[in-house]
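1. Test case, fold it:
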Amino acid sequence: MLAYVTLGTNDLPRAVAFYDALLAELGAKRLMDVGRGIIWGTGPGQPMFGILTPFDGQPAAAGNGPMVAFSAASKAQVDSVYKKAMELGATDEGAPGARGDAFYIGYFRDLDGNKLNAFCMN
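-> Now for the predicted structure:
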């Protein structure tokens, strides 16, 4: 259903370095450089993720409520993505673990304060 999601940044080089390393844990690669940001994905026809400086030139701001979820293939991959995020300077928003009967998820915020998670279904 979703084609792509983008988040804003106030420090593009720092954000790109963070997401290059983080998204590599999920097998994603850079697909497009749009000048004011980068778009990553895992292949044709798959959802994409981008980090961009705001089009209007105003400062980027993390929302209170929005969150981007990255689909992982296993609990081990959720753990790996979460660990990589922490190594890269992300802020913990909830360590990986079971949430309910069928959800395994780890929450974190990127360097600009955007809330993210990696999850898999048990």
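
2. contacts, neighbours, all on C-alpha from now
-> OK.

3. longest strand of this structure?
-> strand 91-99 (DSSP state E).

4. which helices and strands does it pack with?
-> The contact analysis (3 or more CA pairs under 8 Å, 6 or more residues apart in numbering; DSSP states H and E) places strand 91-99 against helix 75-87, strand 103-109.

5. can I get the ones you listed in a markdown table with distance to Thr9 and mean neighbour count?
-> Converted to a markdown table, these look like this (distance: least, CA to CA, whole Å; neighbours: other CA atoms under 10 Å):
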| stretch | distance to Thr9 | mean neighbour count |
| --- | --- | --- |
| helix 75-87 | 16 | 20 |
| strand 103-109 | 12 | 21 |
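
6. Report the spatially closest residue to Ala85, excluding sequence-adjacent ones.
-> Leu22 (6.2 Å; CA to CA, 6 or more residues apart in numbering).

7. SS state for the one you found?
-> helix (DSSP: H, G, I helix; E, B strand; the rest coil).

8. quick one: it and Met1, what's the gap?
-> For Leu22, the distance to Met1 (CA to CA, to the nearest Å) stands at 23 Å.

9. Name the helix or strand for the residue of the chain most remote from its centre, please.
-> Note on the chain: the largest C-alpha distance from the chain mean falls to Asp101, namely 24.1 Å (CA atoms, centre = their mean). Asp101 belongs to no helix or strand when assigned by DSSP states H and E.

10. For burial, what's the neighbour tally of the nearest residue to it once chain neighbours are set aside?
-> Spatially, and ignoring its direct neighbours in sequence, Asp101 is nearest to Asn122 (7.7 Å; CA to CA, 6+ apart). Residue neighbour count, defined by other CA atoms under 10 Å, stands at 12 for Asn122.

11. Can you give me the pLDDT of Asn122?
-> pLDDT, Asn122: 80.

12. And for Gly63?
-> Value listed for Gly63 in the pLDDT field: 88.

13. Wait, it touches Asn114, no?
-> Yes: taking CA atoms under 8 Å as the definition, Gly63 is a contact partner of Asn114 at 7.0 Å.
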